[in-house]
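Colleague: Turn this into a model:
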Amino acid sequence: RRQRLGLCGTGRQYRHGLIPSGTWPRLRSRASVHGRCLPAPKGADICTRRPPVIGHSEAWACADIQEHEMTEDPHPFSVSTNTAADRRIGVGIIGLSADGGWGALAHHPSLCRLDDLFALRGLTASSMAKAEKSARKYDVPFCSDSAAELAARDDIDLLVVAVNLPQHQKLIEQIAPTGKAIYCEWPLGMDPAQSQALADLAARHGCRTFIGLQALHSPYVRCIGQILADPASGRMLSCTVSGSDPSRGRQSLSRYRYAQFQENGVNTLTIPFAHLLAALRYLFGDLQQMSALTACQHPDVLMQDTGEIVHRTAIDHVFFHARTADGGLVDVICHGGLSGLQMDIECEHVRLVITGNSGHIQYEPLQIKVIRQEKSETLPAHSRTAENLCDTYRAVHADLTNGTQTVPDFTDAVAHQQLLFQLQEQGLKAGQ
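Modeller: Here you go, the predicted structure:
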């Protein structure tokens with residue numbers, strides 16, 4: 001069955017997804033380091049594994065997200081283990097906080113549900129006290145305030161960078177010299193130049209890399225893709241999307257203060273729209289005649305927890321138009337503030353109405369209504385936000401163990417960000 005990964009700028013597409021551009025070096029073993037290992041609480045069982053729900057009905061079964069083309073890797077991935085029987089991939093999360101954040105909301109729960117494939121063996125936080133607090137809360141045996149110290153451990157194979165974007169460069173520069181696999185949350189860098197420098201750095205050290213464009217492995221997006229690929233649906237005629245970016249309204253929190261400034265690279269264009277654009281290119285292939293308008297419509301933002309008024313310069317509204325290769329029209333608006341996602345896809349013989357709680361298609365559980373002739377069927381959301389990364393991590397595991405490349409890497413991150421910045425520049429010129 002054909003799989004289409006919509007990041008086409010790298011020249012590495014294949015009919016089953018992205019194929020490896022090279023071979024992956026064996027992860028190198030490192031000498032033990034000094035760090036603090038916290039004893040696991042007795043009887044702790046916070047990582048209850050739950051099998052993913054794939055498919056909604058016999059009529060409209062979701063795409064099998066675990067299908068990958070398997071090719072033999074001449075340099076197989078070497079897993080560091082504490083016992084001969086434990087063949088799981090050892091993970092260290094940089095930025096797993098006991099006080100919340102994306103690492104706690106998505107990465108930790110997803111890894112816990114896949115504890116037959118991964119073992120969470122270490123974490124870092126901004127201070128040793130915070131790291132110890134997180135280690136106790138999440139029952140993680142090793143903690144540190146140093147990313148380099150975590151990366152040097154023999155039992156860590158995959159390093160997950162789950163911190164605010166402005167910290168990415170410094171942390172990746174610390175961990176890349178180990179040559180270990182790196183999963184970094186999107187975006188990679190604050191601009192294409194920084195992202196390219198980080199991609200080059202990881203390549204020089206032989207790191208296998210992954211970028212967090214997780215909408216491409218969303219079971220909902222793949223379900224939509226399967227319906228569109230069905231010849232009975234006919235050609236796609238139009239797709240209209242209205243999505244919200246709740247954090248870009250007139251109010252925010254002080255922990256997101258950095259995201260109010262355009263130079264920090266975190267805004268409506270680079271986060272919800274970027275993930276949506278990746279999903280649209282996955283569903284429809286390369287888009288043509290792309291144009292965008294961008295604006296900051298809420299320049300004064302109240303920090304609810306401190307009362308501070310911050311002058312926002314970051315983009316909080318995006319209008320986007322494009323055409324598919326076979327003539328379908330695409331129209332998108334991403335609003336700062338508000339709530340909800342409404343996506344309407346009209347084909348010759350079927351119509352899809354997709355709804356969610358926010359415009360963040362990369363993690364929102366989606367309801368899909370399928371309308372064909374006089375009949376309709378609703379495919380309800382079947383997961384929680386905390387499970388949104390499970391399918392991405394399954395694909396990461398398959399790529400590492402089989403030498404395939406179905407998850408976008410740092411090179412893909414650069415290409416996608418370059419496209420976004422071209423649209424941003426176009427939008428700024430149109431607004432002058």
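Colleague: mean confidence for stretch 340-351?
Modeller: For stretch 340-351, the mean pLDDT works out to 97.
Colleague: now do stretch 359-371
Modeller: 95.
Colleague: Now stretch 224-233 - C-alpha only, PDB.
Modeller: In PDB, the C-alpha atoms belonging to stretch 224-233 read as follows (Å, rounded to 0.1, in the frame of the first residue of the first chain):
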ATOM      1  CA  ILE A 224      -7.900  10.200   6.400                       C
ATOM      2  CA  GLY A 225      -5.100   9.300   4.000                       C
ATOM      3  CA  GLN A 226      -6.400   5.800   3.500                       C
ATOM      4  CA  ILE A 227      -9.900   7.100   2.700                       C
ATOM      5  CA  LEU A 228      -8.500   9.700   0.200                       C
ATOM      6  CA  ALA A 229      -6.300   7.000  -1.400                       C
ATOM      7  CA  ASP A 230      -9.400   4.800  -2.000                       C
ATOM      8  CA  PRO A 231     -10.200   5.000  -5.800                       C
ATOM      9  CA  ALA A 232     -13.900   5.000  -4.800                       C
ATOM     10  CA  SER A 233     -13.400   8.500  -3.200                       C
END
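Colleague: Show me which positions of that stretch end up buried.
Modeller: Under the neighbour-count criterion of 16 or more other Cβ atoms under 10 Å, stretch 224-233 has I224, G225, Q226, I227, L228, S233 buried. Heads up, the C-betas are built off the backbone N, CA and C, glycines and all.
Colleague: so of those, which ones are in helices?
Modeller: I224, G225, Q226, I227, L228 (DSSP state H).
Colleague: picking that back up, mind putting the buried residues of stretch 224-233 into a markdown table with distance to S110?
Modeller: Below are the buried residues of stretch 224-233 laid out as a markdown table (distance: Cβ to Cβ, whole Å):
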| residue | distance to S110 |
| --- | --- |
| I224 | 21 |
| G225 | 21 |
| Q226 | 23 |
| I227 | 25 |
| L228 | 26 |
| S233 | 31 |
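Colleague: For I172, which non-adjacent residue is spatially closest?
Modeller: Of all residues not flanking I172 in the chain, L198 sits nearest, at 5.2 Å (Cβ to Cβ, 6 or more residues apart in numbering).
Colleague: Name the residues of the strand or helix carrying that neighbour that are buried.
Modeller: Per DSSP states H and E, L198 falls inside helix 192-204. Using 16+ other Cβ under 10 Å as the test for burial, helix 192-204 gives P192, Q194, S195, Q196, A197, L198, A199, L201, A202, A203.
Colleague: Distance check, the residue nearest to I172 against Q417.
Modeller: When Cβ to Cβ, to the nearest Å is the yardstick, L198 and Q417 sit 11 Å from each other.
Colleague: can you pull the buried residues of the strand or helix carrying G336?
Modeller: Taking DSSP H and E as the criterion, G336 maps to strand 329-347. Buried residues in strand 329-347, defined by neighbour count with 16+ other Cβ under 10 Å: 330, 332-337, 341, 343-347.
Colleague: now those in JSON lines, with distance to L253?
Modeller: Converted to JSON lines, the buried residues of strand 329-347 look like this (distance: Cβ to Cβ, whole Å):
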{"residue": "V330", "distance to L253": "33"}
{"residue": "V332", "distance to L253": "27"}
{"residue": "I333", "distance to L253": "25"}
{"residue": "C334", "distance to L253": "20"}
{"residue": "H335", "distance to L253": "19"}
{"residue": "G336", "distance to L253": "15"}
{"residue": "G337", "distance to L253": "14"}
{"residue": "L341", "distance to L253": "22"}
{"residue": "M343", "distance to L253": "28"}
{"residue": "D344", "distance to L253": "32"}
{"residue": "I345", "distance to L253": "34"}
{"residue": "E346", "distance to L253": "38"}
{"residue": "C347", "distance to L253": "41"}
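Colleague: Closest one of those to V91?
Modeller: L341 (30.4 Å; Cβ to Cβ).
Colleague: Can you tell me the closest non-neighbouring residue to the closest one?
Modeller: G356 (3.9 Å).
Colleague: picking that back up, which residues are in contact with each of L198 and Q417?
Modeller: Residues touching both L198 and Q417 (Cβ atoms under 8 Å, 6 or more residues apart in numbering) are L188, G189.
Colleague: would a markdown table of the buried residues of helix 192-204 with distance to L120 and pLDDT be doable?
Modeller: A markdown table is the format used below for the buried residues of helix 192-204 (distance: Cβ to Cβ, whole Å; pLDDT from 0 to 100):
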| residue | distance to L120 | pLDDT |
| --- | --- | --- |
| P192 | 32 | 97 |
| Q194 | 28 | 98 |
| S195 | 27 | 98 |
| Q196 | 31 | 98 |
| A197 | 29 | 98 |
| L198 | 24 | 98 |
| A199 | 26 | 98 |
| L201 | 25 | 98 |
| A202 | 22 | 98 |
| A203 | 27 | 98 |
